[in-house]
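Peer 1: Okay, predicted coordinates and the sequence, questions at the end:
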Amino acid sequence: MIRTALALSFALSGAAVAQEAVNIGTGAVLRGLDKVGGDVVDLKLKNGESATLGRLTVRLGECRYPEGDPAADAFAFVAVEEKGRTDPVFQGWMVGSSPALNAMEHARYDVWVLRCTIE
């Protein structure tokens, strides 16, 4: 009974989110952390741009946000590559309000999305 109620709740919340209008921002602000040195840097990228964070190249595909409120939440498609590796360290959607939902796994660096930009 409880499982059925939870499943129905998740299905309905997903349907509500799917019906919500989404806008595409001009870019995003991502935060990078070097866990060894403790250095934190904010990367302001436009859609399609990339930036360097130590041995990593962080590339923003696009950033989406709920209609009318770009500060409410950010959904950014991000690809992260490391020098000397053929496979990406991370490639997928990051969610600003839930950074652990689809987190990048790396021994030295963390990268997550803060917000979309609309300028």
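Peer 2: Structure's in. What do you need?

Peer 1: Spatially nearest residue to residue 119 (excluding sequence neighbours)?
Peer 2: Excluding the flanking residues, the one nearest residue 119 by C-beta to C-beta, 6 or more residues apart in numbering is residue 26, at 6.1 Å. From N, CA and C alone the C-beta is placed, and that goes for glycine too.

Peer 1: Pull the contacting residues for that neighbour.
Peer 2: 46-47, 116-119 (C-beta atoms under 8 Å, 6 or more residues apart in numbering).

Peer 1: what about it, distance to residue 76?
Peer 2: With distances taken as C-beta to C-beta, to the nearest Å, residue 26 is found 12 Å from residue 76.

Peer 1: and what of residue 58?
Peer 2: When residue 58 is compared with residue 76 (using C-beta to C-beta), they lie 10 Å apart.

Peer 1: The spatially most central residue of the chain sits in which helix or strand?
Peer 2: Closest residue to the average C-alpha location of the chain: residue 94 at 2.4 Å, with C-alpha atoms, centre = their mean. Following DSSP states H and E, one finds residue 94 within strand 90-95.
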